[in-house]
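Colleague: please find the sequence and the predicted model below.
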Amino acid sequence: MNFDFSDDQKLLADQVKRFLDENCSTAVVRQALEGEARFVPEVWDGLAAMGLTGTAIPEQYGGTGAGYLELCLVAQQVGAHLAPVPFGSTVYLVAEALLRYGTDAQKQMWLPGISNGSVKGAFAVVETMQQVAPDQISTAFSDGVLNGSKLVVSDGNVADLYVVLAQDGLYLAEGGNLKATPVDSVDLTRDTAAIEFNNTASELLTNDPWSALNALYDRAAVLYAFEQLGGAQSALDMAVGYAQERFAFGRAIGSFQAIKHMLADMYTAMKLAENNCYYAAWALANDAPELPLAAATARVGATQAFQLCSRDNVQVHGGMGFTWEFDCHLYYRRSNYLALELGALSEWEARLVDALPLQASA
């Protein structure tokens, strides 16, 4: 079985890369890091103008209908360039929730806006610092409105539409009658908020929230894994470039055995994650029974690879790698932020272990 991408799909990835090379350099990322706005509208608008926010949305709802393999490659480039945009929250989670659980009226209402970039989304789940569980959810729906609070919501300050986990279902909530408070996270290039819902008008998506949440997380995990894969590759490229250019004792530091071993470990972790991601992309595109196992494997591998590559990139740069002026910390910040998106690494390791007996008996 061939898990590689087609020439047309690789051409799409190249087009996205060229756009982001020109419009989302690390200097642009630093605008979000050092400024008040943790979101760069010009990058978001450009991605939307290329139709990328509607990559997996059917044409009848305003998308391009290209598919999930193409979306995986877009996600990889978004991650490689550390794009400070609400791409994951909007496209991997909110759009997917609408596609899988929304009524036709809800799809017609919101998906065209997501496709053209006029609607940005956020996925509001977490209420405590503990693993998400039914007994920890106090947000409640009654008489058409939601009341409750969410502790950490990615892109919560810029969202127009929220998918909210409540006690008895997943709900769609618009941006009125709620309070979004900015939250400082490890990665200040990513918008993060605490949200308070106060009689916020809402509509039911599904009354089986936990089954839906697991299904959505499996799908989003594959796409976030591709973001992490892209970030790992960029961190590795940065480390290799510096090792070739930095000289000590009359020779490039990349010729020293300790640096060679470090770079080799980074490459091995990145390539292993890449293999797992390719398999997960196939499972996602085909809605295969193996998706829970493939998603968990890709998520664990990509998280480990990005964290290793971003950390050791700092080490390869030596003392200068710890300074604000060098860009190493941009990758380290994003690796730690994405490691907690959809739940911590330990949760995904547990999901991987749980999925193994199911796959073995299939």
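Modeller: Perfect, thanks for sending it.

Colleague: so residue 118 lies in a helix, does it not?
Modeller: No. Assignment of residue 118 by DSSP: H, G, I helix; E, B strand; the rest coil gives coil, placing it outside any helix.

Colleague: ok so residue 162 is a strand residue?
Modeller: Yes. The assignment for residue 162 by three-state DSSP puts it in a strand.

Colleague: mind checking pLDDT for it?
Modeller: pLDDT, residue 162: 97.

Colleague: quick check: closest non-adjacent residue to it.
Modeller: Counting by CB to CB, 6 or more residues apart in numbering, residue 162 lies nearest to residue 173, which is 4.5 Å off, once chain neighbours are set aside. Quick note: C-beta positions are derived from backbone N, CA and C, even for glycine.

Colleague: what packs against the strand of greatest length in the chain?
Modeller: Scanning the chain for the longest strand, with DSSP state E as the assignment, gives strand 192-206. Packing partners of strand 192-206 (3 or more CB pairs under 8 Å, 6 or more residues apart in numbering; DSSP states H and E): helix 95-101, strand 121-124, strand 145-154, strand 161-166, strand 169-174, strand 178-182.

Colleague: and the helix or strand following it, what does it pack onto?
Modeller: Counting by DSSP states H and E, the next helix or strand C-terminal to strand 192-206 is helix 209-245. Here helix 209-245 touches helix 68-80, helix 95-101, strand 161-166, strand 169-174, strand 251-252, helix 257-285, helix 291-316, helix 328-340, going by 3+ CB pairs under 8 Å, 6+ apart.

Colleague: which one of the ones you listed has the lowest average pLDDT?
Modeller: What stands lowest among the helices and strands packed on helix 209-245, in mean pLDDT terms, is strand 251-252, with a mean of 88.

Colleague: sheet partners, orientation included, of that strand?
Modeller: strand 247-248 (antiparallel) (DSSP bridges).

Colleague: give me the number of residues near the closest residue in space to residue 66 that isn't next to it in sequence?
Modeller: Among residues not flanking residue 66 along the chain, residue 55 sits closest, at 5.0 Å (CB to CB, 6+ apart). Residue 55 has 26 neighbours, counted by other CB atoms under 10 Å.

Colleague: and residue 55, how far from residue 204?
Modeller: 27 Å (CB to CB, to the nearest Å).

Colleague: for residue 13, same thing?
Modeller: 37 Å.

Colleague: ok, and what's touching stretch 315-324?
Modeller: 239, 242, 243, 253, 259, 262, 263, 313, 314, 326, 328, 329 (CB atoms under 8 Å, 6 or more residues apart in numbering).
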